[in-house]
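Visitor: fold the following.
(one chain, ligands or ions: 1)
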Amino acid sequence: MKRAIYPGTFDPFTYGHLDIVQRAVSLFDEVIVTIALNSAKAPLFNTDERMEMLRESLSSFASVRIDSFRGLLVNYAKKEKANVIIRGLRMISDFEFEFQMALMNRKLEEEITTVFLMPDEKYTYLSSSIVREIAQLGGDCSPFVPPHIEKKLKQKYLH
Ligand code: ADP
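Guide: Next comes the predicted model:
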């Protein structure tokens, strides 16, 4: 049983994240998409809202489980008996941070491997923060997020 975890803030979940999940499910028996709750910055969407977004976006994948966690990622991975961490790599600018995290996680827990997946190139410029900014400024987010998330973004920024 090859189980992988895909951790992130998912504030909100985008088509870039979905692309990575699709690639991950073709490689692993089970993929746990899990919200990391330690972020220093306050998210736009609370945990329940983000869990609901993941649930709605990923309901068609039988091998995907939704979860959230606090604390060290490697401890969570061990608890879930997953020895693979999935991360998405968009461009060189992601690399420095991701490289440091992957090596540090390996130092903390040698048997856990980080696997980097690259999205379709049309998503390489896409991030949750840019989607929030577009939504805040009244732009069209439909190319970047599923319709139910576009609706929630509109509601958040309704003044
Ligand atoms: P984090 O705060 O952990 O970076 P994110 O929700 O921003 O959380 O991202 C979670 C993971 O998904 C990260 O590995 C990130 O690089 C990846 N990711 C985010 N957006 C994209 C995208 N458009 N294409 C591919 N990977 C992405």
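Visitor: burial count for S39?
Guide: Using other CB atoms under 10 Å, S39 has 11 neighbouring residues. All C-beta spots, glycine's among them, are computed from the backbone N, C-alpha and C.
Visitor: with S57 instead?
Guide: S57 has 24 neighbours, counted by other CB under 10 Å.
Visitor: helix/strand/coil for it?
Guide: The three-state label given to S57 by DSSP: H, G, I helix; E, B strand; the rest coil is helix.
Visitor: thought T14 was touching it, still the case?
Guide: No. With contact defined as CB atoms under 8 Å, S57 does not count as touching T14 (9.4 Å).
Visitor: got any residues that touch both of those two?
Guide: Common neighbours of S57 and T14 (criterion: CB atoms under 8 Å, 6 or more residues apart in numbering): I149.
Visitor: which residues of the protein score low on pLDDT?
Guide: The model of the chain has pLDDT under 70 over residues 159.
Visitor: residues from it in reach of the ligand?
Guide: With CB under 6 Å from any ligand atom as the criterion, the chain meets the ligand at residues 8-10, 14, 16-17, 19-20, 36, 87-88, 90, 94, 119, 123, 126-128.
Visitor: which of those are buried? Put it as a PyMOL command.
Guide: The buried residues among the residues of the chain next to the ligand can be selected in PyMOL (16 or more other CB atoms under 10 Å) with this line:
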select buried, resi 8+9+10+14+16+17+19+20+87+88+90+119+123+126+127+128
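Visitor: run through who's touching the top helix by length along the chain.
Guide: Across the chain, the longest stretch assigned as helix under DSSP state H is helix 92-108. For helix 92-108, the external contacting residues (CB under 8 Å, 6+ apart) are L72, L73, V74, I85, R87, G88, L89, I112, T113, T114, F116.
Visitor: out of those, name the ones that lie in helices.
Guide: Members of the contacts of helix 92-108 lying in helices (criterion: DSSP H): L73, V74.
Visitor: and the two most separated of the contacts of helix 92-108?
Guide: Largest separation among those by CB to CB: L72 and L89, giving 21.9 Å.
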